[in-house]
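J.: Sequence and predicted structure, then a few things I'm wondering about:
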Amino acid sequence: MDPVRRRRDRAPSVPLKIGATAAAMIVTLAARAPLLAAGRAPRATSAALQRQWGGAFVPAAPAMRSIRLFSAAPADGSIVSGADYVRSAVIEALSSQYDYREVAAASALASLDKKGKKKKKKKKNGEGADGAGAAEDPPPPALTEEERAKIASAARDAALPFSARNAAVTAATQAEFGDYQCNAALSLAPALGLKPRDVAIKVAEALAVSTAGVLDTPEIAGPGFVNLRFSKEHLARSVRAMAADANGRMAVPKSPRPARIVVDYSSPNIAKEMHVGHLRSTIIGDTLSNLLEFAGHDVLRLNHVGDWGTQFGMLVEHLRDVAPGTLKGEKVDLGDLVKLYKAAKKRFDDDADFKDRAREGVVALQAGEEESLSAWKILCGASRGEYQKIYDTLRIKKLNERGESFYNPFLPEIVSDLESSGLAVESEGASVVFLDGFGGRDGKPLPLLVRKSDGGYNYATTDLAAVRQRTFAPDGEKASRVLYVTDSGQAQHFKMVFAAARLAGFCPEDASLEHVPFGLVQGEDGKKFATRSGDTVKLADLLDEAVRIAAADSLSRVDDPDAAPVPGADRVARAVGIGAVKYADLSMNRESNYRFSYGRMLSLNGNTAPYMLYAYARLCGIVLKATGRTEVPEGGMEWPQPADVFLEHEAEVTLARTLVRLPDILAEVESELYPNRLCDYLFETSQKFNQFYENCSVNNAETPELKASRLTLCTVTAGTLRLLLEILGIEVLDRF
């Protein structure tokens, strides 16, 4: 994630009549506050201070801006409470027990006293064991009481209230420890000069009162961990609330602070076919966009197609010879665009005269020459039609095309601004930006090229213009977060672009620019994924093959292969085949390379799309049977009315705990952008349901109330699978 600068602390207002040491300390207090907040503050210097303030806690420095998916939900059962509710409760408990302003003062003074202690330098070789010859740093001048008071006052002024960072709430690492673990006491205690366990007791006592009915009595473990567990009553309320919204949001609240977010993904090149390399960007970007939209954010999906550059002079001049009608705006069937591109490229490589024409054609196109623009538009339109077929197959929607050509008018101004600010300098006839921290293997500074020696522009210039348009320009998107979903090979490029954009003022300080890298798709042998002839695999062919295999597999499981086709078989084959390709990719850590295998991705065993689709269809069948129905209504699955939930068997409790983690999983992926965690949670949920179904009869439950309760658990499990599969862009099937 691109780091976002912290908000500057307020400068303390103090008289100037203090010693130099104290003045220097006041200036640095704000900078030291984050260290104190992180639990690295020394002990307070006197027990009197601790008694006077009852212990106080240094607040965390302003945390990195984070767009939270879900608010701290009320625990009344109307919506599902998760980690944000627990964090809010811990913050409230800390605030009720400790004054953050006073501990900031105590910690600052303790830091001064620690500095005043004498420290010996390390012994030099040959010095005696008695330390003879070891020099000591002279102690700083002692501070007067007035100076100490001013420093304490400055610390109070710079202090900030408790935050989620101070609460230190994490998911429990093991089920036996509860649902969450609060580690606040471990970092708070050093600032108080107390034992962490003593602090944990006070925090736990406050939580026991404020979260009664939602959390079981907090448990203290080890040196000062506070283990927190949702009560069965709260789990039952939450499951019922989710069941009441089984066809909707599953009672997951929207973000209380919706943001404008741009997601840049897919980005094929005009006149070239989409290949397997475009698959990951397209489906990862689409999934993240779906999730962010679900959270309530205003998401703009941008397709940064390669529709500008030197290759278009070559293509336009080739069209001038083979399809002259395109230059006059006539509709011409260009046939196979890839063959057209290859033919133009061969002429460019073999024919010097054609190469000169192509270069002149680039100039004419960039200058807006009418015939060149006409041919260029026809090329773009033909390519767009081919891409759309792929997007339709992958169920990609709302993707707005905004190619490199859009930013072309802004490029001269970008370079001019960089040069006038002194960021861009001349190097071998080109204009480049040198950035601290970026060097080549030879140790020399690595340049970011923004204008070539021939006056042309390159990717960096276009990307800088895009950053400004998306975050800063008056007529732009004014996004507070921009995601770039591209392969990991472009990581350094984006780091340099983001750094240059910030230095140049092309984006607000609080805008988050984030590269979302992903690894390569490989063959089953771990080598480049290619056809037998070594050619790049076309994405359309890959998807068609997945559907063909899914259809053949489905047919192989039919008792009578000669029987008439089952109604909807084509839809099932397409949903399973395309879903398998997408899920196989999304279930992997996106930064890893993964081996493409039809056999593994289409398996009905393990964490695969066919398994998850079967699990959902099975749940639909269970509910239909339990409610006395045989068919899913035309309008879609109708779930029974939610009932009171009774969690008696351990398998019921475990399933309920898993289901109510849904908001936390979504929030985690929104923050960290790893879709595989959705897939992991899906698989875990299906496994927990299997354990529940094996141990807890639904149709033969002991009482009607218990049957209704277990049907409600079935409904929520199905709704959870449905929701997450839809976020992943996978069509769900009520029959499989």
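T.: Thanks, I have the structure now.

J.: What is the distance between the host helix or strand of Q687 and the centre of its chain?
T.: Following DSSP states H and E, one finds Q687 within helix 676-695. In terms of CA atoms, centre = their mean, to the nearest Å, the centre of helix 676-695 is set 23 Å apart from its chain centre.

J.: So which elements touch that helix?
T.: Packing partners of helix 676-695 (3 or more CB pairs under 8 Å, 6 or more residues apart in numbering; DSSP states H and E): helix 569-586, helix 609-626, helix 650-659, helix 662-672, helix 704-727. Glycine gets a C-beta too; all of them are placed from N, C-alpha and C.

J.: Neighbouring strands of the following helix or strand past the first one in the sheet, and parallel or not?
T.: As assigned by DSSP H and E, the chain's next helix or strand after helix 569-586 is strand 594-595. Sheet pairing here is set by DSSP bridges, and for strand 594-595 it gives strand 521-522 (parallel).

J.: what angle do the very next helix or strand once past the partner strand and helix 609-626 make?
T.: Downstream of strand 521-522, the first helix or strand assigned by DSSP H and E is helix 539-556. Per axes from the mean of the first three to the mean of the last three CA atoms, to 10 degrees, the angle that helix 539-556 makes with helix 609-626 is 40 degrees.

J.: Quick one: end-to-end distance for stretch 151-165.
T.: The first residue of stretch 151-165 is 25 Å away from its last residue (CA to CA, to the nearest Å).

J.: one step back: could I get the buried residue list for the helix holding Q687?
T.: Residues 676-679, 681-683, 685-686, 688-689, 692-693 are the ones in helix 676-695 that count as buried (16 or more other CB atoms under 10 Å).

J.: related to what we said a few turns ago, output the helices and strands packed on helix 676-695 as JSON lines; include the columns distance to V276, mean neighbour count and mean pLDDT.
T.: Listed next are the helices and strands packed on helix 676-695 as JSON lines, based on distance: least, CB to CB, whole Å; neighbours: other CB atoms under 10 Å; pLDDT from 0 to 100:
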{"stretch": "helix 569-586", "distance to V276": "10", "mean neighbour count": "22", "mean pLDDT": "95"}
{"stretch": "helix 609-626", "distance to V276": "18", "mean neighbour count": "20", "mean pLDDT": "95"}
{"stretch": "helix 650-659", "distance to V276": "34", "mean neighbour count": "20", "mean pLDDT": "97"}
{"stretch": "helix 662-672", "distance to V276": "24", "mean neighbour count": "20", "mean pLDDT": "96"}
{"stretch": "helix 704-727", "distance to V276": "23", "mean neighbour count": "22", "mean pLDDT": "97"}
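
J.: which one of those lies closest to V86?
T.: Of all those, helix 662-672 sits nearest to V86, with 9.6 Å by CB to CB.

J.: how about that closest one as CSV, C-alpha atoms only?
T.: This file holds the C-alpha atoms of helix 662-672, laid out as CSV (Å, rounded to 0.1, in the frame of the first residue of the first chain):
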residue,chain,number,x,y,z
LEU,A,662,-18.6,-12.4,7.7
PRO,A,663,-18.3,-8.6,8.3
ASP,A,664,-14.7,-9.1,9.6
ILE,A,665,-13.7,-11.1,6.6
LEU,A,666,-15.1,-8.5,4.2
ALA,A,667,-13.4,-5.7,6.1
GLU,A,668,-10.1,-7.5,6.1
VAL,A,669,-10.2,-8.0,2.3
GLU,A,670,-11.3,-4.4,1.8
SER,A,671,-8.3,-3.2,3.7
GLU,A,672,-5.6,-5.7,2.5
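
J.: Report the angle between that helix and helix 704-727.
T.: 10 degrees.

J.: Does anything pack onto helix 662-672? Which helices or strands?
T.: Using 3+ CB pairs under 8 Å, 6+ apart, helix 662-672 sits against helix 83-97, helix 276-294, helix 676-695.

J.: could you dump those helices to TSV with mean pLDDT and distance to M496?
T.: Formatted as TSV, those follow (pLDDT from 0 to 100; distance: least, CB to CB, whole Å):
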stretch	mean pLDDT	distance to M496
helix 83-97	94	35
helix 276-294	95	20
helix 676-695	97	28
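
J.: for these, which one sits closest to E413?
T.: Of the helices and strands packed on helix 662-672, nearest to E413 by CB to CB is helix 276-294, at 28.5 Å.

J.: Same question for the closest one: list its buried residues.
T.: Buried residues in helix 276-294, defined by neighbour count with 16+ other CB under 10 Å: 276, 278-294.

J.: do the same with stretch 694-701
T.: 696, 698, 701.

J.: pLDDT-wise, which helix or strand of the chain ranks last?
T.: helix 47-53 (a mean of 30; mean pLDDT, DSSP states H and E).

J.: Which parts of the stretch 401-550 of the chain are helices?
T.: 411-420, 459-471, 491-504, 539-556 (DSSP state H, counting those that start in this stretch).

J.: pLDDT below threshold where in the protein?
T.: Within the chain, the stretches with pLDDT under 70 are 1-78, 114-140, 332-335, 532-534, 558-567.

J.: quick revisit: of the helices of the stretch 401-550 of the chain, flag the one that's most buried.
T.: Highest mean neighbour count among the helices of the stretch 401-550 of the chain (mean count of other CB atoms under 10 Å): helix 459-471, with a mean of 24.

J.: Go through the helices and strands packed on helix 676-695 and name the closest to S231.
T.: Once the helices and strands packed on helix 676-695 are compared by CB to CB, helix 650-659 is nearest, at 10.7 Å.

J.: Kindly calculate the angle that that closest one makes with helix 662-672.
T.: Going by the same axes, to 10 degrees, helix 650-659 makes 30 degrees with helix 662-672.

J.: which strands and helices sit next to helix 650-659?
T.: helix 232-243, helix 676-695, helix 704-727.

J.: which residues touch that helix?
T.: Contact with helix 650-659 is made by 175, 179, 230, 232, 235-236, 238-239, 242, 645-647, 684-685, 688-689, 691-692, 694-696, 710, 713, 716-717, 720, as judged by CB atoms under 8 Å, 6 or more residues apart in numbering.

J.: How about stretch 369-379?
T.: 270-271, 307, 312, 315-316, 319-320, 326-329, 331-332, 334, 337, 361, 364-365.

J.: Is it possible to mark the buried ones in those?
T.: So, by 16+ other CB under 10 Å, the buried ones in the contacts of stretch 369-379 are 270-271, 307, 312, 315-316, 319-320, 326-327, 332, 334, 337, 361, 364-365.
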